[in-house]
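> below is the structure, and that's it, no one-letter string:
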């Protein structure tokens, strides 16, 4: 999949194309269903498939104080978009200047001149252009004017069961992660939820307790769920020297919280790779994937009580994974 970080990177004469537009935060099952269908239909018609998406999320530009946490960072979002079969992604830098484009200006620059869109696939509730002044009818009118067809994709809902037919959405995933319900979140995402970050030095308490942990930097990519102990997987993705790695996943017990037994104040994500005390992960980038939450974060009256509970946690993680 080609990735362009701005219109200037789109090759001259690209297209004709089928284009869709969205934030695609999390690239959940609903996104995947639409994008796979779009890619297949484009290929069958002899067209190329493109998704236009944005970084940062528009709400982080317009109202950062009320912006939602981002489910998936850009690196993982692009990997997940590629897995749907798209030919290309145009990742637009979202700024106030970008947001000042009128609907006509956006359509002409990006859809018509940049991507030579033959078909544009959108949802019924789409809004675009300055002050969100463009809607579905605007896009249809502009399609008639500039010679592209507009296809409307309907909302995709869950299959009953725990979802109760709820619409697949990034908002739903955020709610589930905030509750620590990674099992349901993983089902909505169609994969384990990911947190990506560089391993930094911590207090080395885990090593002293017999469970050396990899501490992720505070600025992780991917929403950090509710405090607690989780079963998950850890995978190295980039060495300390910047070399890309393609390592297999390793089973891990993951702690998210402030280490209240030791009076901690800083919220951390740290992972103990089962049965491995030989790993030197400092300054390496890793991905942690969460499978299940075992328990909430607790404060223990003694280090011995904590060690006993950690042994129980590790045994449960081993059984689950």
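It's in. Note that this is a predicted model, so its numbers are computed, not measured.

> ok, residue 264 to residue 209 distance?
14 Å (C-beta to C-beta, to the nearest Å). (C-beta placed from N, C-alpha, C; glycine too.)

> which stretches in the stretch 151-300 of the chain count as helices?
170-178, 182-189, 205-208 (DSSP state H, counting those that start in this stretch).

> does residue 249 touch residue 286 like I think?
No: between residue 249 and residue 286 there is no contact under C-beta atoms under 8 Å: 10.3 Å.

> tell me, what's touching these two both at once?
By C-beta atoms under 8 Å, 6 or more residues apart in numbering, residue 249 and residue 286 have these common neighbours: 234, 235.

> ok, these two, which is more surrounded?
Set residue 249 next to residue 286 and count neighbours by other C-beta atoms under 10 Å: residue 286 wins out with 23 against 16.

> which residues does that one contact?
Neighbour list for residue 286: 196, 197, 198, 199, 214, 216, 234, 235, 236, 237, 271 [criterion: C-beta under 8 Å, 6+ apart].

> pull out the buried members of those.
Among those, those classed as buried by 16 or more other C-beta atoms under 10 Å are 196, 197, 198, 199, 214, 216, 234, 235, 236, 237, 271.

> what would the residues you listed look like in CSV with distance to residue 190?
Below are the buried ones among the contacts of residue 286 laid out as CSV (distance: C-beta to C-beta, whole Å):
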residue, distance to residue 190
196, 18
197, 22
198, 27
199, 27
214, 26
216, 24
234, 20
235, 18
236, 23
237, 20
271, 23
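
> what is the nearest of these to residue 1?
Residue 1 has its nearest neighbour among the buried ones among the contacts of residue 286 in residue 237, at 17.8 Å by C-beta to C-beta.

> what about the stretch 151-300 of the chain, any weak spots by pLDDT?
For the stretch 151-300 of the chain, applying pLDDT under 70 flags the ranges 157-165, 204-208, 262-263.

> which parts of it are strands?
Secondary structure of the stretch 151-300 of the chain (DSSP state E, counting those that start in this stretch): strands located at 193-200, 214-216, 228-238, 250-257, 268-273, 285-295.

> among those, which is nearest residue 119?
Of all the strands of the stretch 151-300 of the chain, strand 193-200 sits nearest to residue 119, with 31.4 Å by C-beta to C-beta.

> who does the closest one touch, helix- and strand-wise?
Judged by 3 or more C-beta pairs under 8 Å, 6 or more residues apart in numbering; DSSP states H and E, strand 193-200 is in contact with helix 74-82, helix 182-189, strand 214-216, strand 285-295.

> again, only this time at 10 Å
Judged by 3 or more C-beta pairs under 10 Å, 6 or more residues apart in numbering; DSSP states H and E, strand 193-200 is in contact with helix 74-82, helix 170-178, helix 182-189, strand 214-216, strand 228-238, strand 268-273, strand 285-295.

> include distance to residue 144 when you put those into CSV, please.
Converted to CSV, the helices and strands packed on strand 193-200 look like this (distance: least, C-beta to C-beta, whole Å):
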stretch, distance to residue 144
helix 74-82, 29
helix 170-178, 31
helix 182-189, 36
strand 214-216, 50
strand 228-238, 46
strand 268-273, 50
strand 285-295, 45
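
> return the most buried member of these.
Highest mean neighbour count of these: strand 214-216, a mean of 26 (counted as mean count of other C-beta atoms under 10 Å).

> sheet partners, orientation included, of that one?
When sheet partners are counted by DSSP bridges, strand 214-216 sits next to strand 193-200 (antiparallel), strand 268-273 (antiparallel).

> what would those strands look like in CSV with distance to residue 7?
Shown next, in CSV, are those (distance: least, C-beta to C-beta, whole Å):
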stretch, distance to residue 7
strand 193-200, 28
strand 268-273, 36
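
> hang on, the earlier thing: in CSV, list the strands of the stretch 151-300 of the chain along with distance to residue 90.
Shown next, in CSV, are these (distance: least, C-beta to C-beta, whole Å):
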stretch, distance to residue 90
strand 193-200, 22
strand 214-216, 30
strand 228-238, 24
strand 250-257, 34
strand 268-273, 32
strand 285-295, 25
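
> for the closest residue to residue 276 other than its chain neighbours, what are its contacts?
Computed as C-beta to C-beta, 6 or more residues apart in numbering, the closest residue to residue 276 that is not its neighbour in sequence is residue 250, at 6.9 Å. By C-beta atoms under 10 Å, 6 or more residues apart in numbering, the contact set of residue 250 is 232-236, 271, 273-276, 279, 286, 321.
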